[in-house]
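Participant: Pasting the sequence and the predicted model now:
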Amino acid sequence: GLTPDLVTYSIAISACGKAQRWAEALDLFEEMQTRQLLQPNAVTCTAVISACGNGQRWAEALLLLQDMQTRHCLEPDLIIYNAAISACEKGQRWAEALQLLVQMPTKYGLEPNVITYSAAISACGKDSEQWVEALRLFEEMPIKHWLEPNLITFNAAISACERGQNWVGALQLLHETQTRIGLQPNAITYNAAISACGAGQCWPGALWLFTKMQSKTSLQPNIITYGA
């Protein structure tokens, strides 16, 4: 019969990751090496780290990142680091996400991009005590790396304000999305800002945003909006 090659395994591992079947992805990753004697490449490593991230198995993702350097003598690239930071974000491990963000340029000379920062901001924003750190990262992006935040970055920062009950910061960020060329706030943006107003006991602000969302945009409130 046909013998699977590296491309076949990479596709299969990626498919398992998208289906949140992280255990099967790890099994395929090990089988590839032990039964087929195939050495993983950067694509395979990215696929298996992403699979662990989608399954909220952040510890396994970080172990794989370490293994690819020590066991497989592969140097991680930006895409692999983004997958690892995203795994930490999904696992709500902000400290590990920040450690990787710092490690990228110092250890491998890799420049983070908007995806990197969005994941790190989201990781910090999921902890109510780290919302200030999330906003610090947001402010650092253009100054330190000449990066322009996109809507995903803004949404992550506004969600961090919600965790910190910082409705003023949330409204400022929402306003900024409306004034930047090429950015258009979506339902996620409004829902996060409304939630921030609710968390900060600013009910008039929440009501104003709810009304504005209906009258000034084409967005329709959803179940999350009403719950906010």
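Facilitator: Everything's here; your move. Numbering: from 1, shown residues only.
Participant: Is residue 74 in contact with residue 41, as I believe?
Facilitator: Yes: with contacts defined as Cβ atoms under 8 Å, residue 74 counts as touching residue 41 at a distance of 7.2 Å. Yep, even glycine has a C-beta here, placed from its N, CA and C like the rest.
Participant: okay, the two: which has more neighbours?
Facilitator: Using other Cβ atoms under 10 Å, the more surrounded residue of residue 74 and residue 41 is residue 74, with 17 against 14.
Participant: How about the secondary structure of the more buried one?
Facilitator: What DSSP: H, G, I helix; E, B strand; the rest coil gives for residue 74 is coil.
Participant: Dihedrals phi and psi, the nearest residue to it once chain neighbours are set aside?
Facilitator: Nearest in space to residue 74, with sequence neighbours left out and distances taken as Cβ to Cβ, 6 or more residues apart in numbering, is residue 68 at 4.6 Å. The phi/psi pair for residue 68 (degrees, to the nearest 10) reads phi -60, psi -20.
Participant: Count the neighbours of residue 68 for me.
Facilitator: By other Cβ under 10 Å, neighbour count at residue 68 equals 22.
Participant: Then residue 2?
Facilitator: With other Cβ under 10 Å as criterion, residue 2 counts 5.
Participant: Local confidence estimate at it?
Facilitator: The model reports residue 2 with a pLDDT of 82.
Participant: Kindly provide the distance from it to residue 13.
Facilitator: 18 Å (Cβ to Cβ, to the nearest Å).
Participant: Hmm, residue 43 and the residue nearest to residue 74 touching each other?
Facilitator: No: contact criterion Cβ under 8 Å: residue 68 and residue 43 do not qualify, at 11.6 Å.
Participant: if we can go back for a sec, would you enumerate the residues in contact with the residue nearest to residue 74?
Facilitator: By Cβ atoms under 8 Å, 6 or more residues apart in numbering, residue 68 lies in contact with 40, 45, 74, 76, 80.
Participant: and the two most separated of the residues you listed?
Facilitator: Across the contacts of residue 68, the two members that end up farthest from each other (Cβ to Cβ) are 40 and 76, 12.0 Å apart.
Participant: Can you report how many residues neighbour residue 170?
Facilitator: Other residues close to residue 170 by other Cβ under 10 Å number 29.
Participant: right, and it touches residue 197 too?
Facilitator: Yes: with contact defined as Cβ under 8 Å, residue 170 reaches residue 197; the gap is 7.0 Å.
Participant: Alpha carbons only: can I get the helix or strand containing residue 196 in CSV?
Facilitator: Per DSSP states H and E: residue 196 is located in helix 187-199. Output of helix 187-199 as CSV, limited to C-alpha atoms (Å, rounded to 0.1, in the frame of the first residue of the first chain):
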residue,chain,number,x,y,z
ALA,A,187,-20.4,43.1,17.0
ILE,A,188,-17.5,41.7,19.1
THR,A,189,-16.1,45.3,19.6
TYR,A,190,-19.5,46.7,20.7
ASN,A,191,-20.3,43.7,22.9
ALA,A,192,-17.0,44.0,24.7
ALA,A,193,-17.4,47.8,25.2
ILE,A,194,-21.0,47.3,26.5
SER,A,195,-19.7,44.6,28.9
ALA,A,196,-17.0,46.9,30.1
CYS,A,197,-19.6,49.6,30.9
GLY,A,198,-21.7,47.1,32.7
ALA,A,199,-18.7,45.8,34.7
